[in-house]
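J.: just need the structure, nothing else, for what follows:
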Amino acid sequence: MSKGKCIIFSAPSGSGKTTLVKHLLNQKDLNLIFSISATTRQKRGDERNGVDYNFLEKEIFDKKIKKGDFLEFEEVYKGIFYGTLKQSVESLLKDYNVIFDIDVEGGIKLKNIFKDNALSVFVKPPSLEELKTRLNIRNKDSKNSINIRISKAKFELSKEKYFDQTIVNDDLLNAKKEAYILVNQFLEKQ
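T.: All right, here's what the predicted structure looks like:
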């Protein structure tokens, strides 16, 4: 039986969930370790295989689906899949609390799997306009990709009610403090 707990952070792309997850990983008292998702998408910038994501060819990803290797997987964008590898998470939970930086649908699935052993947090941008500005500033996506992400964000925002807690990321310092408090309180509960 696992002794660690699961912390699930989900949000529309560009809401700041990755920044909050990285902040929490630096808080050593929380004993957190990052669950590295598998994906079929191409690397961006200085991303590293096995550190940021496990980058897999579509054929390998499909084989893992057929073998039942994923706790959850999702076609997040057309032709681009993300998934959480079962064996990796089970191994990590023996010694750590595992934190997930995951798409909204995947976050809901993980919460349903781990139930009371998981805290699910929805990170919300202050507005769709601000989200679009952040995606443009981030400069990692084409205009078309940004428009697709904004369209998807409208749908994802409707899923907020399926999460245990919501953080509105309108001030990064406050969002980091709020994230720490929520996670710390959850981990201290028996």
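J.: got any ranges where the chain has weak pLDDT?
T.: Along the chain, segments meeting pLDDT under 70 span 1-2, 190.
J.: which residue ranges form the strands in it?
T.: Counting by DSSP state E, the chain has strands at residues 6-10, 32-34, 38-39, 54-55, 70-77, 80-85, 97-102, 118-124, 165-168.
J.: list the contacts of the fourth one.
T.: Yep, that's strand 54-55 we're talking about. Here strand 54-55 makes contact (C-beta atoms under 8 Å, 6 or more residues apart in numbering) with Ile36, Ser37, Ala38, Thr39, Thr40, Arg41, Gln42, Lys43, Asn49, Leu85. In short, each C-beta sits where N, CA and C put it, glycine included.
J.: do the same with the fifth one
T.: In this structure, residues lying in contact with strand 70-77 by C-beta under 8 Å, 6+ apart are 38, 41, 61, 64-65, 81-86, 89, 103, 105-106, 109-110, 113, 148, 152.
J.: next, count neighbours for the nearest residue to Lys109 once chain neighbours are set aside.
T.: Closest residue in space to Lys109, ignoring its immediate chain neighbours: Glu72 at 3.9 Å, by C-beta to C-beta, 6 or more residues apart in numbering. Neighbour count for Glu72, taken as other C-beta atoms under 10 Å: 20.
J.: again with the one 5 residues further on
T.: Using other C-beta under 10 Å, the number of residues around Tyr77 comes to 15.
J.: now list the buried members of the contacts of strand 54-55.
T.: Among the contacts of strand 54-55, those classed as buried by 16 or more other C-beta atoms under 10 Å are Ile36, Ser37, Ala38, Thr39, Thr40, Leu85.
J.: distance of Leu92 relative to Leu173?
T.: Leu92 sits 29 Å away from Leu173, going by C-beta to C-beta, to the nearest Å.
J.: how near is the closest residue to Asn117 other than its chain neighbours to Lys189?
T.: Nearest non-adjacent residue to Asn117, counting by C-beta to C-beta, 6+ apart: Lys5, 5.5 Å away. With the distance defined as C-beta to C-beta, Lys5 ends up 9 Å from Lys189.
J.: again, but for Pro12
T.: With C-beta to C-beta as the criterion, Pro12 and Lys189 are 28 Å apart.
J.: kindly report the same for Asn136.
T.: Asn136 is 40 Å from Lys189, by C-beta to C-beta.
J.: so between the two, which is more surrounded?
T.: The residue with more neighbours, out of Asn136 and Lys189, is Asn136; 12 against 8, by other C-beta under 10 Å.
J.: chain neighbours aside, what residue packs nearest to that one?
T.: For Asn136, ignoring the flanking residues on the chain, the nearest one in space by C-beta to C-beta, 6+ apart is Ile146 at 6.5 Å.
J.: what does the lengthiest helix in the chain contact?
T.: Looking across the chain with DSSP state H, the single longest helix is helix 172-188. Contacting residues not belonging to helix 172-188 are listed as 5, 7, 9, 16, 19-20, 23-24, 27, 29-32, 97, 119, 121, 123, 165, 167-169 [C-beta under 8 Å, 6+ apart].
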